[in-house]
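Q: Fold the following.
(2 chains)
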Number of protein chains: 2
Amino acid sequence: MMDLVLGRTYEGQNCSAARALEVVGERWSLLIMRDALFRGTTRFSDFQRSLGLASNVLAKRLDGFVENGLMEQRVHPEHPDQQEYVPTDKGRDLKPVVLALTAWGDRWAAPNGPPVTFEHEGCGGKVEAHLLCLKCGRSPDLAHVVAKPTRSRRRRS
Amino acid sequence: MMDLVLGRTYEGQNCSAARALEVVGERWSLLIMRDALFRGTTRFSDFQRSLGLASNVLAKRLDGFVENGLMEQRVHPEHPDQQEYVPTDKGRDLKPVVLALTAWGDRWAAPNGPPVTFEHEGCGGKVEAHLLCLKCGRSPDLAHVVAKPTRSRRRRS
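A: All right, here's what the predicted structure looks like:
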């Protein structure tokens, strides 16, 4: 039912954020991807241990990720009786989304300071998400970032 | 129920992404914020028209945003019989999250191209979210961005 409602949004609004949320907007989705992307979790049992969520929900999310091409399901190389779930390029591209969410949480919902920092592997530097203006090369003030439609939002067939 | 489950995650994992999702992870939350942040929507009726969602759900989300300090509720200056909902700094800080989601959707879920671009108001340049390494100053390859705990993840009282 909710999918149908969001479906209408997607068709009416032709918005990439809405389309993204159709794939990763379900409760738990981004936390599962966070574990896969930043903690290297691949096994069902490890996701479940980390997140403590019902196995039917976890199975549904992982199946959805495979179906939508965010993860590949394959036999675990060291445990042939188990499957592992490994992010694809499409899944890995969600890293900036998790980073942006984490940055917001660090600023507004982490009274004891950021529990995790993101690091440039090899270099050791801290990695942050920044907005960049491709014309002036500066990081614009958030108040001055606006959305412009690239064409009519409503498509009629 | 889901809140209780996610509550456990939050306590056990001490993760800013999880905390962020507690505030904006509910279905529709980020689309409502998108309308507020990038379309200048402030009125209940305009949110409802844009999103086409049930008024009880919209009311619950907007009340939640006010309660969590993401929006301020006030009398509409031109329509004193109506309320308007205006993002606070805390709410406006979600712009990079919406941008990151949109960028992912543009890349992986917009077969007809990006419906919207983000612009640096005044300058006119296109705005993109970039990952930046604060040490080497480069934009690291996603495969080389890793999470490092800043302290023990589990807190015991």
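Q: Next, name the residue at the spatial heart of chain A.
A: Computing the C-alpha centroid of chain A and ranking residues by CA atoms, centre = their mean puts A:L94 first, at 4.1 Å.
Q: all helices for chain A, in order.
A: Assigned by DSSP state H, chain A shows helices spanning A:2-13, A:16-24, A:29-38, A:44-51, A:55-67, A:89-92, A:95-108.
Q: Turn those helices into CSV, columns for mean pLDDT and distance to A:P77.
A: For every residue, glycine as well, the C-beta is placed using N, CA and C. Formatted as CSV, the helices of chain A follow (pLDDT from 0 to 100; distance: least, CB to CB, whole Å):
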stretch, mean pLDDT, distance to A:P77
helix A:2-13, 45, 35
helix A:16-24, 88, 27
helix A:29-38, 94, 16
helix A:44-51, 93, 15
helix A:55-67, 95, 18
helix A:89-92, 96, 19
helix A:95-108, 94, 24
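Q: so can I have a markdown table of the ones you listed showing distance to chain B?
A: Formatted as a markdown table, the helices of chain A follow (distance: least, CB to the nearest CB, whole Å):
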| stretch | distance to chain B |
| --- | --- |
| helix A:2-13 | 6 |
| helix A:16-24 | 3 |
| helix A:29-38 | 4 |
| helix A:44-51 | 6 |
| helix A:55-67 | 9 |
| helix A:89-92 | 5 |
| helix A:95-108 | 3 |
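Q: who touches the residue lying closest to the residue nearest to the centre of chain A once chain neighbours are set aside in this structure?
A: In space, A:L94 comes closest to A:M33 once its chain neighbours are excluded; the distance is 5.3 Å by CB to CB, 6 or more residues apart in numbering or on different chains. Neighbour list for A:M33: A:24, A:65, A:70, A:87, A:91, A:94, A:98 [criterion: CB atoms under 8 Å, 6 or more residues apart in numbering or on different chains].
Q: now, which of these sits nearest A:P140?
A: Lowest distance from A:P140 to the contacts of A:M33 (CB to CB) belongs to A:V98, with 22.6 Å.
Q: Counting neighbours, what do you get for the closest one?
A: 28 (other CB atoms under 10 Å in any protein chain shown).
Q: Then A:K135?
A: Every residue meeting other CB under 10 Å relative to A:K135 is counted, giving 14.
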